[in-house]
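J.: Next input, structure requested:
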Amino acid sequence: MNRRRVLAAGAVAALAGCVSYTADGDDSPSSDELVQDAIETRKRMTDLTARRTMTVETPDETTERTEAVARQPPAKQRIEVLESTDPSVSGGSITVTNRAETWEYNPETETVDKQYHPNKVDTDRTRLVLEALLENNRLGYEGTATVDGRDAHIIETKPPVDDIGPTIDLVVGDTTFVVPLRATGDLEELDVSRTIWIDDEYRYPIKEENTISDDGETRHRVAVTYEELAIDTGLDPETFTYEPPADATVVTDGPEPEGVFETRVAAEEILPYSLPEPDVPDSYVLDRITVVTKGEGFGTTTTLWYNDPNVIARELFVVVRNVQRFNPDALEETEIDGRTAYRRDGRIQSVFWVCEELNYEVSSLTDDTPLLEIAASIGCP
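T.: Reported below is the predicted structural model:
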């Protein structure tokens, strides 16, 4: 199955950029406030369900597909393709993702691609795209409209052509879409627009349209709409598990974990070492413990995952390994209670140290996580 339709390795703010654009009217709602409201809704969201329709238009063809989507950000999703005229995505296709696994079912080949990713770090791509729009674009308020019987506010921006990338990160559907745009002629002649409809009740994107035109002709248009949108209504945990059809061929990829556990006691039953009990901020709770054995020379890696249940993608993790996986020469040396440790800055911030025969790591995606304090609470157990 074509992975590009649903999954992406990371976020790309493909249509960001600062331009001069018509400001909000004096009596209009603030477009900046509406986008900020959408960001706050996203941060606190527990689940979302909808019927999503995506239309892709080029000079050669127009394709459309309709999907039933269920999401529990940042990691869990279920997408069932109900109808499709897109030759790369068949009706009946199903994608289910949770923290540890992804299943992709292709009804045409009767194949299920099962990918293990027990130690995947999940970012909130939709929130990042909304933040990029707010921080890097001049947004214009274009009034209101009705979308699927719901009142919505229209926000438009015109990113500069220089910021056209090979992908578009859609805020309506958590999807990175590949733009099949051939570079022809003078790019300066292209007209680029991005319009987002924000639902008045939920203060969340319900429709989106990205258009690239050349001298009045549409070169590429992607329109995505949510129907029957519902937020925070509660979902059955079984939504994010999948049982392949009995006659389907299952192909696996990635490191299959030895186990995913809810408690230290359960995990330690199969481990050659004990697990620490770090002092994490009060807002964090232990979500799961993953154990992966990679064979001789790589040892056993155990990851304790903590998240803030009130904020999407606010998580930290503690890793215990019996084989060193970090390079001290590539890191910044620091000290924790008189013990040498090493820091790594970047998208993931980390602290590494060695204690006798074990290696420890504390990492987080957020700048305000007290990594050194958490590391100090573990010390050398």
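J.: Can you give me the buried ones in the lengthiest strand in the chain?
T.: As assigned by DSSP state E, the longest strand anywhere in the chain is strand 217-231. Within strand 217-231, the residues scored as buried using 16 or more other CB atoms under 10 Å are Arg219, His220, Arg221, Val222, Ala223, Val224, Thr225, Tyr226, Leu229, Ile231. Just so you know, the C-beta spots here come from the backbone N, C-alpha and C atoms, and that holds for glycine as well.
J.: mind listing the strands for the stretch 1-150 of the chain?
T.: 48-57, 62-72, 76-84, 94-97, 101-106, 111-116, 140-147, 150-157 (DSSP state E, counting those that start in this stretch).
J.: List the strands paired with the longest one, with their directions.
T.: Note on strand 62-72: by DSSP bridges, its sheet partners are strand 48-57 (antiparallel), strand 76-84 (antiparallel).
J.: Nearest to Glu277, out of those?
T.: Glu277 sits nearest to strand 76-84 of all those, at 26.9 Å, using CB to CB.
J.: Only alpha carbons, please: show that closest one as CSV.
T.: The C-alpha coordinates for strand 76-84 follow below in CSV (Å, rounded to 0.1, in the frame of the first residue of the first chain):
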residue,chain,number,x,y,z
LYS,A,76,-3.5,6.7,17.7
GLN,A,77,-5.6,6.7,14.5
ARG,A,78,-7.9,4.6,12.4
ILE,A,79,-8.7,5.4,8.8
GLU,A,80,-11.1,3.3,6.7
VAL,A,81,-11.5,4.3,3.0
LEU,A,82,-15.2,4.2,2.2
GLU,A,83,-15.0,5.4,-1.4
SER,A,84,-12.1,6.3,-3.7
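J.: Toward the C-terminus, what is the element adjacent to the helix or strand of the chain with the lowest mean pLDDT?
T.: Across the helices and strands of the chain, mean pLDDT, DSSP states H and E gives its lowest value to strand 175-178, namely a mean of 58. Sequence order places strand 190-199 as the next helix or strand after strand 175-178, per DSSP states H and E.
J.: what pairs with that following strand, and is each one parallel or antiparallel?
T.: Counting by DSSP bridges, strand 190-199 is paired with strand 150-157 (antiparallel), strand 204-214 (antiparallel).
J.: got the contact list for Ile94?
T.: By CB atoms under 8 Å, 6 or more residues apart in numbering, the contact set of Ile94 is Arg78, Ile79, Glu80, Val81, Trp103, Glu104, Tyr105, Tyr242.
J.: which residues does the residue lying closest to Glu258 once chain neighbours are set aside bridge with?
T.: Counting by CB to CB, 6 or more residues apart in numbering, Glu258 lies nearest to Val291, which is 4.4 Å off, once chain neighbours are set aside. Val291 has these beta-bridge partners by DSSP bridges: Gly259, Thr302.
J.: I figured Val291 hits Pro255, correct?
T.: No: here Val291 lies out of contact with Pro255, judged by CB atoms under 8 Å, at a distance of 10.7 Å.
J.: Looking at those two, which has the bigger crowd around it?
T.: Neighbour comparison, Val291 and Pro255: the larger count goes to Val291, with 20 against 16 (by other CB atoms under 10 Å).
J.: per the record, what domains does the protein have?
T.: In the domain annotation for the chain, the residue ranges read 3-231, 257-378 (automatic domain parsing).
J.: Alright, that wraps it up for me.
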